[in-house]
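Visitor: quick one: sequence and predicted model below, then my questions.
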Amino acid sequence: MISCTNILLINKNRGKVIMNILKKVGVFFSICLISTSAYSAQCKNPKQLRFSIIPTEESSFELDLYKPVLAKLKQNTGKKIEFYMPTSYASVAEALIGGFVDIAVLGPYGYITAKKQDPSITVFATYAKKKGYMQNEGPGYQSVLISKKGSKYTTEESLRGTTVGHADPGSTSGDLIPRVVWAPHMKTDSDKFWKRVVYTGGHDLTTLAVHSGKIDAGFVASHRFDNVVAKGQVKLEDFNILWRSPSVPQDPFVFSGKLCKDIQDNIKKTFLDLGNDPGAKKFLNNLKSSKFVEMTDKDYDVIRTLAVAKAEFKKKKAAAAKK
């Protein structure tokens with residue numbers, strides 16, 4: 001027979017077990033709530049999103065063309081969209097890293113450099129080019145060495161000891177490739193081959209400087225060269241094409257990985273759907289493109305390989321200078 005005392009002990013023990021279970025459940029829910037709130041704190045959900053692009057020969061014109069795209073971004077994200085006009089390639093990356101800009105178009109080299117400083121920066125798309133004057137079809141472009149037609153500079157070797165134009169120190173096709181792909185191809189060092197390397201400030205300015213005879217040759221991005229031809233400022237037949245690089249991926253469209261995932265998804269959707277949006281036709285036509293294609297960080301490994309080659313080149317140059 002179970003006595004009243006035993007029943008009380010059993011009930012008391014059961015009460016302790018129940019209380020322990022409730023405490024554990026409470027702790028579990030507290031952890032869940034803390035985890036959720038911690039995630040929310042980490043996830044950036046601003047009232048407005050800032051968008052920026054690397055400066056080109058037609059940045060002000062492009063800003064006007066971007067208006068329907070920015071309107072679509074606003075519609076899809078539910079956020080106010082602001083445009084930040086940069087002064088250089090580096091200023092776009094700095095604004096992105098600093099959290100001032102949320103969505104941006106970077107140069108390929110600028111992207112991998114920025115990614116090193118802020119791993120959260122995420123590439124999500126680029127545009128597939130239509131075949132142009134110098135540009136081949138697809139989501140890639142080339143660095144092209146040009147000289148003026150009718151000049152004595154008709155071969156790469158004939159340019160030794162002359163003046164060449166590079167676009168910008170942060171440009172992939174206008175500085176990185178000429179130094180770490182073209183120069184080794186010529187079994188030389190850029191600074192030794194050329195009498196002078198001039199930074200023109202843009203691919204359009206390099207093209208125009210070669211055309212006017214201000215410089216003897218220049219390295220230009222194939223799609224940027226096409227823009228100058230399309231504006232009627234030069235013709236393809238005005239130039240000698242002396243060398244083309246292997247294809248590299250087009251400018252990456254990126255966003256901050258600190259943004260909440262639903263915002264990221266809606267940004268990505270906006271650009272990948274542009275090919276089906278009649279309102280984006282003018283914008284895509286300006287890019288000489290019919291659609292955007294999805295890109296990942298791995299697609300830009302070729303640029304990292306180039307950057308490593310550039311670092312090695314600088315080391316050898318520094319070592320040689322000490323001897």
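Guide: Arrived safely, thanks for sending. Residues are numbered from 1 along each chain as shown.
Visitor: any weak-confidence spans in the stretch 1-150 of the chain?
Guide: Applying pLDDT under 70 to the stretch 1-150 of the chain flags residues 1-41, 57-61.
Visitor: hmm, who's touching stretch 311-323?
Guide: Applying C-beta atoms under 8 Å, 6 or more residues apart in numbering, the external contacts of stretch 311-323 come out as 179-180, 183, 189, 191. For glycine as for every other residue, the C-beta is placed from the backbone atoms N, C-alpha and C.
Visitor: buried sites along it?
Guide: For stretch 311-323, burial by neighbour count (16 or more other C-beta atoms under 10 Å) applies to F313.
Visitor: what's the answer for stretch 121-140, then?
Guide: 121-130, 132-135, 139-140.
Visitor: wait, I267 touches G78, no?
Guide: No - look at I267 against G78 with C-beta atoms under 8 Å: they stay out of range, at 11.7 Å.
Visitor: and the two? which has more neighbours close in?
Guide: I267 (26 against 11; other C-beta atoms under 10 Å).
Visitor: which residues in the stretch 151-300 of the chain form strands?
Guide: Secondary structure of the stretch 151-300 of the chain by DSSP state E, counting those that start in this stretch: the strands cover 163-166, 196-199, 217-221, 239-244, 248-249, 253-256, 289-294.
Visitor: deepest of the ones you listed, which one?
Guide: strand 217-221 (a mean of 29; mean count of other C-beta atoms under 10 Å).
Visitor: and that strand, what does it pack onto?
Guide: strand 143-148, strand 163-166, helix 203-212 (3 or more C-beta pairs under 8 Å, 6 or more residues apart in numbering; DSSP states H and E).
Visitor: in CSV, list those along with distance to K235.
Guide: Listed next are these as CSV, based on distance: least, C-beta to C-beta, whole Å:
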stretch, distance to K235
strand 143-148, 12
strand 163-166, 19
helix 203-212, 9
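Visitor: burial count for V92?
Guide: Neighbourhood size, V92 [other C-beta under 10 Å]: 26.
Visitor: please apply the same query to G174.
Guide: G174, neighbours per other C-beta under 10 Å, totals 28.
Visitor: could you do F283 as well?
Guide: So F283, with other C-beta under 10 Å, has 20 neighbours.
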